[in-house]
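A.B. asks: quick check, what structure comes out for this input:
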Amino acid sequence: MIQVDGGGHGQIVVGGRDMSKLVRGFMLTSEVGKAPLLVLSTTIRERVSAGVDVHAVLDTETTAALVALGWTPPETATGGASDG
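C.D. replies: Next comes the predicted model:
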């Protein structure tokens with residue numbers, strides 16, 4: 001669900017999770033004969049550099065929202081998916 005007020009504010013809910021604080025913008029396009037395409041621009045950085053090896057874990061809410069968008073979490077070293 002996406003709600004906007006025309007003044008740069010709104011709410012984006014994916015899979016029942018409010019992602020409003022993670023999304024900085026979106027674009028919705030639709031063409032005849034094709035499924036609509038929604039592109040979300042997030043505040044999540046593409047690359048983070050810490051200067052050392054870092055084990056990154058997503059919190060449960062972020063993981064659930066990404067899964068609702070179709071993301072498949074990678075397998076962990078123990079063989080299971082990340083529990084966030």
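
A.B. asks: helix or strand for the most centrally placed residue in the chain, which one?
C.D. replies: In the chain, the centroid-proximal residue (Cα atoms, centre = their mean) is L66; its distance is 4.5 Å. In the assignment (DSSP states H and E), L66 maps to helix 60-68.

A.B. asks: which helices and strands does that helix pack with?
C.D. replies: strand 17-18 (3 or more Cβ pairs under 8 Å, 6 or more residues apart in numbering; DSSP states H and E). In this view, the C-beta of every residue, glycine as well, is placed from N, C-alpha and C.

A.B. asks: give the pairing partners of the strand it packs on; include direction for each.
C.D. replies: strand 10-14 (antiparallel) (DSSP bridges).

A.B. asks: other residues contacting the strand it pairs with?
C.D. replies: With Cβ atoms under 8 Å, 6 or more residues apart in numbering as the contact definition, strand 10-14 has outside contacts at 1-4, 18-20, 23, 26, 40, 65, 68-69.

A.B. asks: quick one: end-to-end distance for stretch 19-26.
C.D. replies: End-to-end distance for stretch 19-26: 12 Å, by Cα to Cα, to the nearest Å.

A.B. asks: done for today, thanks.
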